[in-house]
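> any chance you could fold what I've pasted below:
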Amino acid sequence: FTVDEAELLISQKKSKALHQKILEDFKALQKHYEVIVCEGLNRESFSPSISLNLNLSVSKNLNTPFISVINAKEKSQSEIREVLDIEREARAKEVCLHLATFINRVDETLCTTLCEHFKDEPNCFILPEVRERDVPTVREIKKHLGCELVIGKEQSLSKSAQRSKIAAMTLENYLSRMDE
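Got it, this is the predicted structure:
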């Protein structure tokens, strides 16, 4: 199902048909694979309550463990706590197997406090924001722009693009302004 198709079925009160199709597809995969990893619906694709409830419901119906990833980018400590409280209540209501919760992209200044706050939360992991993961590599930029490597080695393209410069001058003026 696409997100739009799933939303349509849910809005038409046909979530049972959605679950049935997911179960059929899952069982078909079980015939061919020993391990199946199911990615739930992205919270940004649906309203947070719909995606969480649907993901938990699917997990319960498939009898599979549930792993939650909470995006904490630019969220305050109270917002993160609130999201986790909502998730905890929803998990308790659905009675599904909870394997782990990952709270990622946490501001470094909040990590220690959140670790202390969630220390009694089973299998809850706080992952700090790592800026380098949020910027493209030179290889990704090269590929996206359809560029070709003129000088240098392919291995050097794996570096993160930390800054950008626009070269709108003659070569001799630009070279004197380049950083290593």
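> any regions of this protein where pLDDT drops low?
Counting by pLDDT under 70, the chain contains low-confidence ranges at 42-51, 164-175, 177-180.
> ok, which stretches of it are helices?
3-11, 15-30, 48-62, 77-94, 108-117, 138-145, 171-175 (DSSP state H).
> any idea what C124 is bridged to?
C124 has these beta-bridge partners by DSSP bridges: T101.
> how many neighbours does it have?
20 (other Cβ atoms under 10 Å). No exception for glycine: its C-beta is placed from N, CA and C like everyone else's.
> nearest to S160, out of the helices of the chain?
helix 138-145 (7.9 Å; Cβ to Cβ).
> what's the closest one packed up against?
Helices and strands touching helix 138-145, by 3 or more Cβ pairs under 8 Å, 6 or more residues apart in numbering; DSSP states H and E: there are none.
> what residues of that helix count as buried?
For helix 138-145, the neighbour count (16 or more other Cβ atoms under 10 Å) marks 138-139 as buried.
> CA atoms only: put that helix into CSV for me.
The C-alpha trace of helix 138-145 is given here as CSV (Å, rounded to 0.1, in the frame of the first residue of the first chain):
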residue,chain,number,x,y,z
VAL,A,138,31.0,15.1,-2.0
ARG,A,139,30.2,11.8,-3.8
GLU,A,140,26.4,12.4,-3.3
ILE,A,141,26.7,16.0,-4.6
LYS,A,142,28.7,14.8,-7.6
LYS,A,143,26.1,12.2,-8.4
HIS,A,144,23.1,14.5,-7.9
LEU,A,145,24.6,17.2,-10.1
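> ok, and what's touching that helix?
Helix 138-145 is contacted by residues 136, 147-149, 156-161 when judged by Cβ atoms under 8 Å, 6 or more residues apart in numbering.
> let me know the closest of those residues to I22.
Proximity of the contacts of helix 138-145 to I22 was ranked by Cβ to Cβ; the top entry is P136 with 33.8 Å.
> show me what contacts the closest residue to that closest one other than its chain neighbours?
Closest residue to P136 apart from its sequence neighbours, by Cβ to Cβ, 6 or more residues apart in numbering: A161 at 5.6 Å. Neighbour list for A161: 135-138, 141 [criterion: Cβ under 8 Å, 6+ apart].
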